[in-house]
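Asks: Got a predicted model here, sequence first, then my questions.
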There are 2 protein chains.
Amino acid sequence: MPDSKIALISGGGALPVEIARYLRRTGRPYIVIRIESLSDEALNEHPGHTLGLGDFMKLFEILSTEQCKAVTMCGYVQRPDFDTMKRDDVGARVLPTIQMAGRGGDDSLLRQLASVITAQGYHIEGAHEANPELLIGKGLQIGPDPSPEAMEDALEALRVAAAIGTLDIGQAVVVAGRITLAVEAQEGTQALLARIGTLNPALTGTLAKRKGVLAKLAKPIQDLRLDMPTIGLQTVEDASGAGLCGIVAKSHALLIVDKPAVFARAAELGLFIYGHDEH
Amino acid sequence: MPDSKIALISGGGALPVEIARYLRRTGRPYIVIRIESLSDEALNEHPGHTLGLGDFMKLFEILSTEQCKAVTMCGYVQRPDFDTMKRDDVGARVLPTIQMAGRGGDDSLLRQLASVITAQGYHIEGAHEANPELLIGKGLQIGPDPSPEAMEDALEALRVAAAIGTLDIGQAVVVAGRITLAVEAQEGTQALLARIGTLNPALTGTLAKRKGVLAKLAKPIQDLRLDMPTIGLQTVEDASGAGLCGIVAKSHALLIVDKPAVFARAAELGLFIYGHDEH
């Protein structure tokens, strides 16, 4: 339903802004549901409403009044403290099921949240469906051709990332010289990359002699419409600061926020971005 | 060969000191091979010699002159920069094979180092064989009985640790509320525990309401004679600071350095230490 009216439920960060701008530019009808004290201020110039995380009754009133057909959940939301968060009447009814699902992890939480929304007759669209320009392509996207060693590290990083994804641990892994330097669980990619600089220098690269690759891969359990692995300018800066030579993902399975800026900076730093395709 | 003369090749930290003291106390003949600018100063009072990391000729001369039969490698050694490290004639011959093996990871490196030593006719003894008092026992070792939730986290942490061990990633994992909060790769357990405090507080425990368990488990590839998972007073302090309720390992597969102090502190902090036995 690419032309149906869409509501962007917008957490923090630049991703929702990019989707909103794309929708405006391409003329698709849309509204933005800004989450109180979380959404980027740049969203204020788009048509929309501001809600608290627990305001489900208001959310459904708005989706109905605005005649939306599709909903995209995007942007960063830290897991709230369910025991103390404010809620309206509908929130009070659905939040316990979401909280319960959250005990199985973020993916389970998001899936339950999505099912609450689809139960009201709305179609869930992924960020990559709402704005296909965000997706990583196939093969070398930017930067120097990976050396054979870098390609080996990239494939090993993808292999380890797939394995830790299967364990429902996390999305990101850094491998250098075929050794797994760091594995992401709940700390996020920024913290993952920051600690590369604290490791034994015999294992890591430097700005002068880059070594190692960051892989970001969705977990098999993850619904890509709800949560697709994402990189942005910060990821490129951090990966470079960690002395890595590149970033790898599965082709068409990574969102690149602000792709022109990301590609320009990666080229400048001499970092490759690669969309791996098994076929 | 529990009574044969043994040489302790001693890296950093308190583990070699505890083994040396045990050997002195129990009357077994021994010498300490101190590694230059790495071994604890407390080792200076024990019979022995000080060598550089690359002094293999001197090492074998000493082992022969001292009529040692067994060798234990213990204590912390950061992987050196092989390209620049000093070496004697024998070092020059064996170090390239060790460096090459190191490309497959620390376990592979240690195994090659051990094979260089056994090739000279020496028997490798594990730290836990040289000093059996260091081993964790079976069941609750100290602290409060784990709650059912804590036991669930402990078993899940052991399960995840076994899986990441199989992937040759690392030994330690923190699980809280059945969610894997952090996975250790090359950063070590101290950094692993330090970052628990940086995570979303909705996922973690506090000193007032502890939550989550640290598991430490050898990788299947790991030779326990060369490198057994280890905890000490710092681990207990860090685990407590991270708001965890306990530490779990497989029974008889974890070294506890300075066990009396570790147990006293864990009891004081209200942290359990548990040796899991599948049977």
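Replies: That came in fine, so what should we check first? Numbering: from 1, shown residues only, chains lettered A, B, ... in the order given.
Asks: and stretch A:12-24, anywhere near chain B?
Replies: No. Against chain B, stretch A:12-24 shows no contacts by Cβ under 8 Å from any Cβ of the partner chain, the least distance being 13.3 Å. For the C-beta atoms, the positions are set from N, CA and C on the backbone; glycine is no exception.
Asks: Where do the strands of the stretch 151-279 of chain A begin and end?
Replies: All strands of the stretch 151-279 of chain A, identified by DSSP state E, counting those that start in this stretch, fall at A:172-176, A:179-183, A:213-216, A:230-231, A:246-250, A:255-256, A:272-276.
Asks: Kindly reformat those strands as JSON lines containing distance to chain B and mean pLDDT.
Replies: Converted to JSON lines, those look like this (distance: least, Cβ to the nearest Cβ, whole Å; pLDDT from 0 to 100):
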{"stretch": "strand A:172-176", "distance to chain B": "8", "mean pLDDT": "98"}
{"stretch": "strand A:179-183", "distance to chain B": "4", "mean pLDDT": "97"}
{"stretch": "strand A:213-216", "distance to chain B": "13", "mean pLDDT": "98"}
{"stretch": "strand A:230-231", "distance to chain B": "18", "mean pLDDT": "95"}
{"stretch": "strand A:246-250", "distance to chain B": "17", "mean pLDDT": "98"}
{"stretch": "strand A:255-256", "distance to chain B": "22", "mean pLDDT": "96"}
{"stretch": "strand A:272-276", "distance to chain B": "19", "mean pLDDT": "98"}
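Asks: and the gap between A:A202 and chain B?
Replies: Distance, A:A202 to chain B, using Cβ to the nearest Cβ, to the nearest Å: 5 Å.
Asks: hmm, I was thinking of A:L51
Replies: Distance from A:L51 to chain B, by Cβ to the nearest Cβ: 20 Å.
Asks: That residue: neighbouring residues, count only.
Replies: The number of residues packed near A:L51 is 20, by other Cβ atoms under 10 Å in any protein chain shown.
Asks: With A:G137 instead?
Replies: With other Cβ under 10 Å as criterion, A:G137 counts 15.
Asks: Leaving out sequence neighbours, find the closest residue to it.
Replies: Leaving out its chain neighbours, the residue that sits closest to A:G137 by Cβ to Cβ, 6 or more residues apart in numbering or on different chains is A:G275, at 5.3 Å.
Asks: ok, now which ones touch the one you found?
Replies: A:I136, A:G137, A:K138, A:G139, A:Q141, A:V248, A:A249, A:K250, A:S251, A:H252, A:L254 (Cβ atoms under 8 Å, 6 or more residues apart in numbering or on different chains).
Asks: Not counting its own residues, what contacts stretch A:33-49?
Replies: Residues from elsewhere that reach stretch A:33-49 (Cβ under 8 Å, 6+ apart): A:7-14, A:16-17, A:20, A:24, A:30-32, A:50-53, A:58-59, A:62, A:75-77.
Asks: Ok, stretch A:114-134 next?
Replies: A:1-2, A:4, A:6-8, A:15, A:18-19, A:22-23, A:56, A:60, A:63, A:68-74, A:94, A:97-98, A:135, A:223-226, A:228, A:252, A:255-257, A:259.
Asks: Report the buried members of the residues you listed.
Replies: Among these, those classed as buried by 16 or more other Cβ atoms under 10 Å in any protein chain shown are A:6-8, A:15, A:18-19, A:22-23, A:56, A:60, A:63, A:68-74, A:94, A:98, A:135, A:225-226, A:228, A:255-257, A:259.
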